[in-house]
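Trainee: Just the structure for this:
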Amino acid sequence: MFANFFYFIIALLIYSTYQPSDATNFTAFQSLLLFLFLLVVYTAYTWRQFQGLNRRMAAHGNTESDSRFTSLLTRQSILAIFIFAANIYGLNLSSFVSNFRLFILFPTLQAILFILLFIGYLSILWACAHRSYQMLYHSRIGRRAYVTSNISFSMPVLLPWVVISGFSDIIHILPMGSLTRFLSTPEGEIVYFMVFLVIVAVMGPLLIQKFWGCRPLEQGVHRTRIESLCESVNLGYRNILHWPIFEGRIITAGVMGLVKRFRYILVTRALLNLLDPHEVDAVIAHEIGHVKKRHLLFYLLFFVGYMIISFSLLDLIVYAMIYFDPLIKAFNRMGFNPVTVTSLVFSLVIITTFLIYFRFIFGFFMRNFERQADAYVFTIFDTATSLISTLKKISFTGKQSPDKPNWHHFSITERIEFLKKCEIDRTHVGKQNRKIRKSIGVYLVGLVMIGGVGYQLNYGEAGRVLNTHFFEKVIMKELAKTPDNVDLHTMMGDLYFSRNNYGDAASQYEKAIEMAPQHARALNNLAWLYATCEETSCRDPERALVLAKRVAALEKEAHILDTLAESYFINGDIEAALATEKEALAIAKKDRAYYLEQIARFEEMLEISNENE
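Mentor: Coordinates of the predicted model:
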């Protein structure tokens, strides 16, 4: 079940790292046909695979069928990820809808559309797997309920992203200039992300339990025992709920919520029906251990840690992509779009980082947190025999080998052996606690070091010097090979501009325009330099307006119209500047607050000008 979390996060990374391009690999109609072809092939192939598994189970029984079923689910889920990536990077599906007005204003809606596409692929998989699941676990769960349970179980992954991304869209649309400007800075992005992450982490369980269709556990012996146990250790919570995951047929329980006002204890019907009262107490004690040891808070920390590590890798990824430029050029010669290739490489690096981090670092802590929660039983009870018998029942009813571990739990055999060791010698409980404390200490030291390096590389003076020096060397090297490369001259101009070396920047832009009179980027950047340069000796308002008009006739982009508006303004034509800036706002896909501020500035200057007349 937890594997679904990985699949959805990878799908989000695939989508979010893709940069839509006007130059697509296929026409819209061709992409549609190929999309339908891949959909049909995936559906037919997945159906055939599970039908084959069903025949083997019918002929030979369920021996080793659990491992085959799990392996097939994993294989087809990974295939769904590859097909989804092909939809994004190969068929460029998002490029065909990115210019829709609604998606321009609310990019999160477009992202949700494509995540729904990925959910569609997984829903096909789960629908095909339904009969196998019924045969393997002797379940009567319906196909729709089985698919819905898998989808709803994954909501905790999608909910934080939807909330954080959705509110970001709203904030950037509203006319809150100073706030929007702050949120566009690195510091603002960090503050926004952390604030909303905490809000979602605290209040998210309220929404999640509704997504899952949980309902309060009725009054009776089970509820009374759970309430008494929680009261004995002073554990606060909002409610005790039935957890209807897979119709409650799995022996499991859970706890979610950082604060007691939004904390819920979850139990399945199978847990209450198949375990005796002492075994239920042991399971609840395990869940109490998660709360008392603050595991949920540490999970939040580890998620933030992944964001810090990913952030720290950004410049390293850029350096690597430039270093391996021949490889990217080879893809370009094969006909692939350069923007798509760059996005794909970036996506692969981010996804690889994610898999390594969560599989080995997060997985290490999760397994040891589970062991620590097991050991917490000794804090409440004198023995762990009830928890041991529960683990044996879980192994028997789940049709899984007790020796089979996974990335987030030790195997049942390992868990039982650890509890038996603690029964004999309770010092093993303390050793486990110390192991976790030391591991967290090492993790935090490493995280601070990586975060510090990342900040310096991305925003510090050392990083700025390194970046400019690195890019200058690379560009100069390439210019020596291809001195007539217009893009390289433009990039060199951008580099000089960023250093406030305006004379050399203008010279590079002029060279680019001389070689390619209709090069939009060089024209626009030179016009902006001549219109806004801090050094008055480098300003040339009349030339700025000529260049800005020329590039605006070539391309109607918001940033290009903004340059034209600034050129009108510097030449004293405030009315034309205002009209042009409004036109830029009308087609702006992002940074709308900036264009609103420009309009307000021009309106203020126009009002002053009219008063002076």
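Trainee: which stretches of the stretch 51-200 of the chain form helices?
Mentor: Per DSSP state H, counting those that start in this stretch, the stretch 51-200 of the chain carries helices over the ranges 65-85, 93-97, 101-105, 107-137, 143-153, 155-173, 177-183, 186-211.
Trainee: Let me know the angle separating the first one from helix 107-137.
Mentor: Between helix 65-85 and helix 107-137, the angle formed by their directions is 160 degrees, by axes from the mean of the first three to the mean of the last three C-alpha atoms, to 10 degrees.
Trainee: CA atoms only: put helix 65-85 into PDB for me.
Mentor: Output of helix 65-85 as PDB, limited to C-alpha atoms (Å, rounded to 0.1, in the frame of the first residue of the first chain):
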ATOM      1  CA  SER A  65       1.000 -16.300  -5.100                       C
ATOM      2  CA  ASP A  66       1.300 -13.300  -2.800                       C
ATOM      3  CA  SER A  67       4.800 -12.600  -3.900                       C
ATOM      4  CA  ARG A  68       3.700 -13.000  -7.600                       C
ATOM      5  CA  PHE A  69       0.700 -10.700  -7.000                       C
ATOM      6  CA  THR A  70       2.900  -8.100  -5.300                       C
ATOM      7  CA  SER A  71       5.600  -8.300  -8.000                       C
ATOM      8  CA  LEU A  72       3.000  -8.000 -10.800                       C
ATOM      9  CA  LEU A  73       1.400  -4.900  -9.100                       C
ATOM     10  CA  THR A  74       4.800  -3.300  -8.700                       C
ATOM     11  CA  ARG A  75       5.800  -4.100 -12.300                       C
ATOM     12  CA  GLN A  76       2.600  -2.700 -13.800                       C
ATOM     13  CA  SER A  77       2.700   0.400 -11.600                       C
ATOM     14  CA  ILE A  78       6.200   1.100 -12.800                       C
ATOM     15  CA  LEU A  79       5.000   0.600 -16.400                       C
ATOM     16  CA  ALA A  80       2.200   3.100 -15.700                       C
ATOM     17  CA  ILE A  81       4.900   5.600 -14.600                       C
ATOM     18  CA  PHE A  82       6.800   5.100 -17.800                       C
ATOM     19  CA  ILE A  83       3.700   5.500 -19.900                       C
ATOM     20  CA  PHE A  84       2.800   8.700 -18.000                       C
ATOM     21  CA  ALA A  85       6.300  10.000 -18.500                       C
END
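Trainee: Could you export the helices of the stretch 51-200 of the chain as CSV, including mean pLDDT?
Mentor: Rendered in CSV, the data for the helices of the stretch 51-200 of the chain read as follows (pLDDT from 0 to 100):
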stretch, mean pLDDT
helix 65-85, 90
helix 93-97, 88
helix 101-105, 83
helix 107-137, 93
helix 143-153, 89
helix 155-173, 83
helix 177-183, 68
helix 186-211, 83
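Trainee: Identify whichever of these lies nearest to Gly257.
Mentor: Among the helices of the stretch 51-200 of the chain, helix 186-211 comes nearest to Gly257, with 4.4 Å by C-beta to C-beta. Any C-beta I mention is one placed from the backbone N, CA and C, and that applies to glycine too.
Trainee: Would you mind listing the outside residues contacting the next helix-or-strand element following the closest one?
Mentor: Next helix or strand after helix 186-211 toward the C-terminus (DSSP states H and E): strand 215-216. With C-beta atoms under 8 Å, 6 or more residues apart in numbering as the test, strand 215-216 has contacts from Asn239, Ile240, Leu241, His242, Pro244.
Trainee: Please check those and keep the buried ones.
Mentor: Ile240, Leu241, His242, Pro244 (16 or more other C-beta atoms under 10 Å).
Trainee: Now name the helix or strand holding the first one.
Mentor: When you say that, I think you mean Ile240. Per DSSP H and E: strand 239-242 holds Ile240.
Trainee: Which strands border that strand, and is each parallel or antiparallel?
Mentor: When pairing is defined by DSSP bridges, strand 239-242 lines up against strand 215-216 (antiparallel), strand 264-267 (parallel).
Trainee: Now render those strands as JSON lines, adding distance to Ala253, mean neighbour count and mean pLDDT.
Mentor: Converted to JSON lines, these look like this (distance: least, C-beta to C-beta, whole Å; neighbours: other C-beta atoms under 10 Å; pLDDT from 0 to 100):
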{"stretch": "strand 215-216", "distance to Ala253": "15", "mean neighbour count": "12", "mean pLDDT": "96"}
{"stretch": "strand 264-267", "distance to Ala253": "5", "mean neighbour count": "24", "mean pLDDT": "96"}
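Trainee: Quick one: those as CSV, columns for distance to Phe569 too.
Mentor: Shown next, in CSV, are the strands paired with strand 239-242 (distance: least, C-beta to C-beta, whole Å):
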stretch, distance to Phe569
strand 215-216, 62
strand 264-267, 57
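Trainee: Which among the ones you listed is found nearest to Ala11?
Mentor: strand 264-267 (25.8 Å).
Trainee: Just the CA atoms of that closest one, as CSV, please.
Mentor: C-alpha atoms of strand 264-267 as CSV (Å, rounded to 0.1, in the frame of the first residue of the first chain):
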residue,chain,number,x,y,z
TYR,A,264,-7.3,10.4,15.2
ILE,A,265,-6.9,6.8,16.2
LEU,A,266,-7.8,4.5,13.4
VAL,A,267,-8.8,0.8,13.7
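Trainee: and the next element down the chain from it?
Mentor: As assigned by DSSP H and E, the chain's next helix or strand after strand 264-267 is helix 269-274.
Trainee: Of the strands paired with strand 239-242, give the one that comes closest to Phe6.
Mentor: Of the strands paired with strand 239-242, nearest to Phe6 by C-beta to C-beta is strand 264-267, at 21.5 Å.
Trainee: surely His519 meets Val486?
Mentor: Yes: with contact defined as C-beta atoms under 8 Å, His519 reaches Val486; the gap is 5.4 Å.
Trainee: so what does the host helix or strand of Met605 touch, helix or strand wise?
Mentor: When secondary structure is defined by DSSP H and E, Met605 falls within helix 592-612. In terms of contacts (3 or more C-beta pairs under 8 Å, 6 or more residues apart in numbering; DSSP states H and E), helix 592-612 is packed against helix 155-173, helix 177-183, helix 558-570, helix 574-587.
Trainee: pLDDT-wise, which helix or strand of the protein ranks last?
Mentor: Least confident helix or strand of the chain, by mean pLDDT, DSSP states H and E, is helix 325-333 with a mean of 62.
Trainee: before we move on, the earlier item: could you name every residue contacting both of His519 and Val486?
Mentor: With C-beta under 8 Å, 6+ apart, His519 and Val486 have common neighbours Ala512.
Trainee: I figured Leu300 hits Leu197, correct?
Mentor: Yes: at 7.3 Å, Leu300 counts as touching Leu197 under the criterion of C-beta under 8 Å.
Trainee: so which of the contacts of strand 215-216 comes closest to Gln76?
Mentor: Nearest to Gln76 among these, with distances taken as C-beta to C-beta, is Pro244, at 25.2 Å.
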